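S.K.: sequence and predicted structure, then a few things I'm wondering about:
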Amino acid sequence: MRVAVVGGGSIGLAVAWRAAQAGAEVVVHDPEPGSGASRVAAGMIAPVTESHYGETALTPFMAASADAWPAFARELEAASGLPVGFRDIPTVVVGVEDGDRAEVERQTELYRETGRGVEVLGGRAIRKAEPLLSHRVRAGVLASEDRAVDPRAVHAALLVAAECAGVGFAAGEVAEGEVADLGALDADQVVIAAGCGSARFGLPVRPVRGVVLRLRAAAGQAVPRTTVRGYVKGQSVYIVTRENGEVVVGATSDERGFDRTTGTAGAVHDLLRWSIALVPEIAEYHLGEVTVGFRPGTPDNLPIIGRLGPRLTAATGHYRNGIALIPATADATAAILRDEAPETVAPFDPARFGPPVPGPAVPDFGAGPAPAATGFEGSREPRPEPKSAAPDTRVPRGSDSSGLGRFAGSAEHRRAADSSAPESTVPRGSDSSSDREEM
Ligand SMILES: Cc1cc2nc3c(=O)[nH]c(=O)nc-3n(C[C@H](O)[C@H](O)[C@H](O)COP(=O)(O)OP(=O)(O)OC[C@H]3O[C@@H](n4cnc5c(N)ncnc54)[C@H](O)[C@@H]3O)c2cc1C
């Protein structure tokens, strides 16, 4: 089977890797792999503290993906020879003022519904779990089964692992017509995994903007030993620490299309103020990078994973959980390509939104830093390139063999796409790849 994956973010690469491991001939099409949300994300794998009201359909899939992460990380590190920064450290959730503590209590009810480890701790116990917490924190919640990974390291490793598994890379941007006409992509199956760019192919995915800060502790400086999440004057903030001393503070959330040129000064101010209120030590770190990214949001905040047609599949719309959901999405999508859609993805069927209505192209590829006016040096790191990019395999358009006649618009669907959804803001296991079937 020849598979074309449109989008070389973490989701597209993981799908490509799994499909290639199962024997498919895979080409990833992306002008700038890893330029999207995958390089902005903080990397929380948080089935507990990312549970939100109205999103319970996601709970089992998040749990399955979180449980798959340790083995996935180990397999990816072995296949690529690169570390992925997986950290099996707990998360603490705290509030500083009365209203914030009440919010943590409210969230705790929801956390408990996940059926995973949640412990309410008093001031002394929560500070024992995280000694860098402000003395103003008098209680908190410990979520022992939430973890974290370094999304940039994951993407770099996926590039290498996919390439080692025989995946080719084509640097062209894919246009909507090419997907509707599969002859243009010279593939038996096409997977749309273009993050926010998926709107171009008719999927109701919209950009939800987020600003994150990357700070660095000096050698010997104390860093949080947990992931810290909390509320400060009603605003949520998180602090994710990597083993190498990088400390990620995030994230704002607003909807201004693909605008990354406004509001960053206020975002930096707020994120620093809130994070320092929780962990005063943050004021001592070096602020190295301000990055603006776009979460691929959907009308119901759930991902879009499933068949769009006999030869077209979607694996997109992962909103604020696309890193956490990499392993489960990759396995489910590889199964869909074999016509064995697992029950776990039934709630994410694209059919819930009606037929696709192609939208505009992403105006500018890449998550990128805030504009140069922010003046942060090194705000855009060089990205790893695929070692030997395969030639662009696209061929001139042929006949429409896709059965995609249903790429037609409907007013209803357009309304769904436009509607804004609310947002309140390696242990060792077995290698699951051996269970995979040939394609
Ligand atoms: C501020 C912020 C913080 C986040 N924190 C977390 C977190 O802690 N944990 C978590 O699980 N998730 C987090 N996320 C969400 C996560 O980043 C995304 O859900 C995930 O990265 C989506 O991955 P993707 O591969 O689908 O999309 P992307 O990473 O955006 O990749 C899409 C790719 O498609 C390509 N593309 C687009 N259009 C086309 C086209 N027409 N032709 C070819 N290629 C195309 C782009 O170049 C890009 O490389 C965060 C997101 C943001 C913005």
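M.R.: Everything's here; your move.

S.K.: pick out the residue closest to the middle of this structure.
M.R.: The residue lying closest to the centre of the chain (Cα atoms, centre = their mean) is residue 322, at 2.5 Å.

S.K.: separation between that one and the ligand?
M.R.: 2 Å (Cβ to the nearest ligand atom, to the nearest Å). In short, each C-beta sits where N, CA and C put it, glycine included.

S.K.: ok, now residue 218?
M.R.: Taking Cβ to the nearest ligand atom, one finds residue 218 at 25 Å from the ligand.

S.K.: OK, contacts around residue 315?
M.R.: Residue 315 makes contacts with 11, 12, 15, 191, 192, 193, 303, 304, 305, 329, 332, 333, as judged by Cβ atoms under 8 Å, 6 or more residues apart in numbering.

S.K.: ramachandran coordinates for it?
M.R.: Dihedral angles of residue 315 (phi, psi; degrees, to the nearest 10) stand at phi -140, psi 80.

S.K.: bridged to it, which residues?
M.R.: Following DSSP bridges, residue 315 is listed with bridge partners residue 305.

S.K.: for it, give its distance to residue 243.
M.R.: Shown here: residue 315 relative to residue 243, a distance of 29 Å by Cβ to Cβ, to the nearest Å.

S.K.: same thing with residue 55?
M.R.: Going from residue 55 to residue 243 by Cβ to Cβ gives 30 Å.

S.K.: any low-confidence regions in the chain?
M.R.: Regions of the chain meeting the criterion pLDDT under 70 cover residues 176-183, 356-439.

S.K.: could you redo the last one with a cut-off of 50?
M.R.: For the chain, the stretches flagged by pLDDT under 50 are 182, 365-438.

S.K.: I'd like the next helix or strand past the longest helix along the chain.
M.R.: Counting residues, the longest helix in the chain under DSSP state H turns out to be helix 59-80. As assigned by DSSP states H and E, the chain's next helix or strand after helix 59-80 is strand 91-95.

S.K.: is that following strand positioned near the ligand?
M.R.: No: contact of strand 91-95 with the ligand (Cβ under 6 Å from any ligand atom) is absent, the minimum separation being 10.9 Å.

S.K.: for that strand, C-alpha coordinates in CSV please.
M.R.: Extracted as CSV, the C-alpha positions of strand 91-95 are listed here (Å, rounded to 0.1, in the frame of the first residue of the first chain):
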residue,chain,number,x,y,z
THR,A,91,2.0,17.1,38.5
VAL,A,92,1.0,19.3,41.4
VAL,A,93,-2.0,21.6,41.0
VAL,A,94,-2.3,24.6,43.4
GLY,A,95,-4.1,27.9,43.9
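
S.K.: report all helices and strands that it contacts.
M.R.: Counting contacts by 3 or more Cβ pairs under 8 Å, 6 or more residues apart in numbering; DSSP states H and E, strand 91-95 packs against helix 98-113, helix 123-129, strand 139-143, strand 227-232.

S.K.: rerun that using 6 Å as the cut-off
M.R.: helix 98-113, strand 139-143, strand 227-232 (3 or more Cβ pairs under 6 Å, 6 or more residues apart in numbering; DSSP states H and E).

S.K.: most tightly packed of the ones you listed?
M.R.: Most buried of the helices and strands packed on strand 91-95, by mean neighbour count (mean count of other Cβ atoms under 10 Å): strand 227-232, with a mean of 26.

S.K.: what is that one packed up against?
M.R.: Counting contacts by 3+ Cβ pairs under 6 Å, 6+ apart, strand 227-232 packs against strand 91-95, strand 235-241, helix 264-278.
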